[in-house]
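> after the sequence you'll find the predicted model.
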Amino acid sequence: VARRTTEVLDRFASARANDLGVQGVADTLGAIFEGRVETLLIHVDPADGRTAWFGADPGQVAADRATLEALDLEPEEGPLLEVALRGAHGTGARTWFVPTHGPSSPAEGIGAVLRG
């Protein structure tokens, strides 16, 4: 698992260098919403109280309520981890759990390698 995690993080770093990777909550959820995520990288922290917003369809995710309301959707709020996982899996993305700290770990504990 450690070797595979290192490979995934190396691929993520390479993807970001080539504009095929995003990191941080807003950019990652935006990429999920657009169906561009190939692999979601996320850190699991039981104490993480961050939330995100989602619509009826799995890919309808956003960092803020207003983004979905602007599309005439009725957003609901949920834990960031659950919203991101639901969105990623609902759009055919893979998921890999990563450490929160490290040279290639995504900012804010969440990022994605995008479909090329």
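Yep, it's here.
> for A62, what are phi and psi?
Backbone torsions for A62, taken as degrees, to the nearest 10, come to phi -160, psi 160.
> my read is that it contacts L68, right?
Yes - if you go by C-beta atoms under 8 Å, A62 and L68 touch, sitting 5.1 Å apart. Where you see a C-beta, it was placed from the backbone N, CA and C, and this is true even at glycine.
> the most centrally placed residue in the chain and L81: what is the separation?
With distances taken as C-alpha atoms, centre = their mean, T28 lies nearest the centre of the chain, 4.3 Å away. Per C-beta to C-beta, to the nearest Å, T28 is found 12 Å from L81.
> contacting residues around the nearest residue to A107 once chain neighbours are set aside?
Distances taken as C-beta to C-beta, 6 or more residues apart in numbering put Q23 closest to A107, at 4.5 Å, once the chain neighbours are dropped. By C-beta atoms under 8 Å, 6 or more residues apart in numbering, the residues touching Q23 are R16, P106, A107, E108, I110, G111, A112.
> quick one: buried residues of stretch 19-39?
Under the neighbour-count criterion of 16 or more other C-beta atoms under 10 Å, stretch 19-39 has 20-23, 25, 27-33, 36-39 buried.
> now, those residues that are in helices?
If you go by DSSP state H, the buried residues of stretch 19-39 have V25, D27, T28, L29, G30, A31, I32, F33 in helices.
> and what about G92, helix, strand or coil?
coil (DSSP: H, G, I helix; E, B strand; the rest coil).
> quick revisit: buried among the contacts of Q23? Make that a PyMOL selection.
Here is the PyMOL command that selects only those of the contacts of Q23 that count as buried (16+ other C-beta under 10 Å):
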select buried, resi 16+106+108+110+111+112
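> now secondary structure, distance to D57 and pLDDT too, for the contacts of Q23, in a markdown table please.
Formatted as a markdown table, the contacts of Q23 follow (DSSP: H, G, I helix; E, B strand; the rest coil; distance: C-beta to C-beta, whole Å; pLDDT from 0 to 100):
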| residue | secondary structure | distance to D57 | pLDDT |
| --- | --- | --- | --- |
| R16 | helix | 28 | 97 |
| P106 | coil | 25 | 97 |
| A107 | helix | 27 | 95 |
| E108 | helix | 24 | 96 |
| I110 | strand | 20 | 98 |
| G111 | strand | 23 | 98 |
| A112 | strand | 18 | 98 |
